[in-house]
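Q: please find the sequence and the predicted model below.
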Amino acid sequence: MHTKFSWLQEGKNIHAQSWRVDTPVAIVCLIHGMGEHSSRYMHVKDFFNLNGISMYTFDHIGHGVSDGKRGHTPNYNFLLESIEKILSIAIRENIGLPIFLYGHSMGGNVVANYLIRRTPEIAGAILSAPWFTLPFKPPTFKIALAKFMNIIYPSFSDITNLDANAISRDKNVVEAYQKDSLVHNKITPSFFLSCFEAGKWAKDRGEAVPIPTLVLHGTKDRLTSYTSSKEFALSNTLIHFKSYEGLYHELHNEPEKNIVLNDVLDFIHTMIHKK
């Protein structure tokens with residue numbers, strides 16, 4: 001059953017949706033990445049639904065059909081509160097069922113921070129190519145400029161310069177991404193700096209993750225750091241690291257996506273059976 005809903009958060013309407021199956025074995029709350037939107041995950045939703053798992057998701061502020069200037073958030077806490085909201089709805093509608101948070105890229109950044117800062121009592125989490133750090137060191141002057149702009153004009157709109165060819169080796173995925181009217185390449189100093197700093201903060205505090213967490217990363221990811229994900233995972237026995245040789249950033253959109261999604265499913269089943 002597909003349901004569209006929304007909530008008002010600091011005056012902004014946040015669009016959300018769920019796909020609930022009869023007698024689900026688990027619930028996944030999926031948190032999308034920078035510049036994209038929740039409806040890019042329809043095949044992921046289909047996979048989960050076919051395996052008896054309901055999925056909830058939403059469009060971040062400034063993304064998809066949610067309100068807000070494209071690529072802007074007033075602060076990082078806004079992103080954490082959005083996760084709090086979707087999670088609370090999923091828990092309320094599925095009392096007693098195991099709940100999992102699944103964050104991709106920037107969504108993985110926010111989920112990791114949510115786990116450490118809010119310590120939710122859920123069954124587990126999945127971090128897909130999380131943005132802890134970038135795979136290259138940004139020029140010092142660009143960081144300084146972003147900090148300056150964040151003081152005088154935090155909502156200044158800049159472009160991400162994201163290379164669409166780096167998201168997947170599947171050319172059809174790249175083409176669809178480039179033609180998607182809801183995908184954007186905007187980012188503001190407020191959004192970039194808050195995620196940039198929060199990613200580094202979480203990466204250095206992996207030992208504080210309180211629940212079983214699966215971290216997935218492709219070795220050829222040019223958008224977020226594979227090394228940072230591995231270091232994060234090694235800091236805590238509750239964190240399981242899965243490496244995919246040669247895969248790009250969007251693991252769920254690579255030619256090997258069925259292998260990746262089945263690894264996620266195996267993790268979910270393992271956590272369920274531990275209960």
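A: In hand now; what should we look at?

Q: how much space between residue 86 and residue 57?
A: 7 Å (C-beta to C-beta, to the nearest Å). Using the backbone N, CA and C atoms, a C-beta is placed for each residue, glycine as well.

Q: looking at these two, which has the bigger crowd around it?
A: Here residue 86 and residue 57 are set side by side on neighbour count (other C-beta atoms under 10 Å), and the busier one is residue 57, at 26 against 21.

Q: past the helix or strand containing the more buried one, which element shows up next along the chain?
A: Residue 57 is part of strand 53-58, with elements assigned from DSSP states H and E. Along the chain past strand 53-58, the next helix or strand (assigned with DSSP H and E) turns out to be helix 76-93.

Q: grab the most central residue of the chain for me.
A: residue 107 (2.1 Å; C-alpha atoms, centre = their mean).

Q: from what I can see that one touches residue 32, true?
A: Yes. Counting by C-beta atoms under 8 Å, residue 32 is a contact partner of residue 107 at 5.2 Å.

Q: so what sits against both of those two?
A: With contacts defined as C-beta atoms under 8 Å, 6 or more residues apart in numbering, the residues adjacent to both residue 107 and residue 32 are residue 60.

Q: show me where the stretch 151-275 of the chain has its helices.
A: Counting by DSSP state H, counting those that start in this stretch, the segments of the stretch 151-275 of the chain that form helices are 171-179, 189-203, 226-234, 257-274.

Q: just send those back as a markdown table, with mean neighbour count and distance to residue 249 too.
A: Supplementary listing: the helices of the stretch 151-275 of the chain in a markdown table, determined by neighbours: other C-beta atoms under 10 Å; distance: least, C-beta to C-beta, whole Å:
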| stretch | mean neighbour count | distance to residue 249 |
| --- | --- | --- |
| helix 171-179 | 13 | 11 |
| helix 189-203 | 21 | 15 |
| helix 226-234 | 20 | 10 |
| helix 257-274 | 16 | 12 |
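
Q: let's have these in CSV, adding mean pLDDT and distance to residue 63.
A: Output for these, formatted as CSV (pLDDT from 0 to 100; distance: least, C-beta to C-beta, whole Å):
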stretch, mean pLDDT, distance to residue 63
helix 171-179, 98, 14
helix 189-203, 93, 10
helix 226-234, 97, 23
helix 257-274, 96, 22
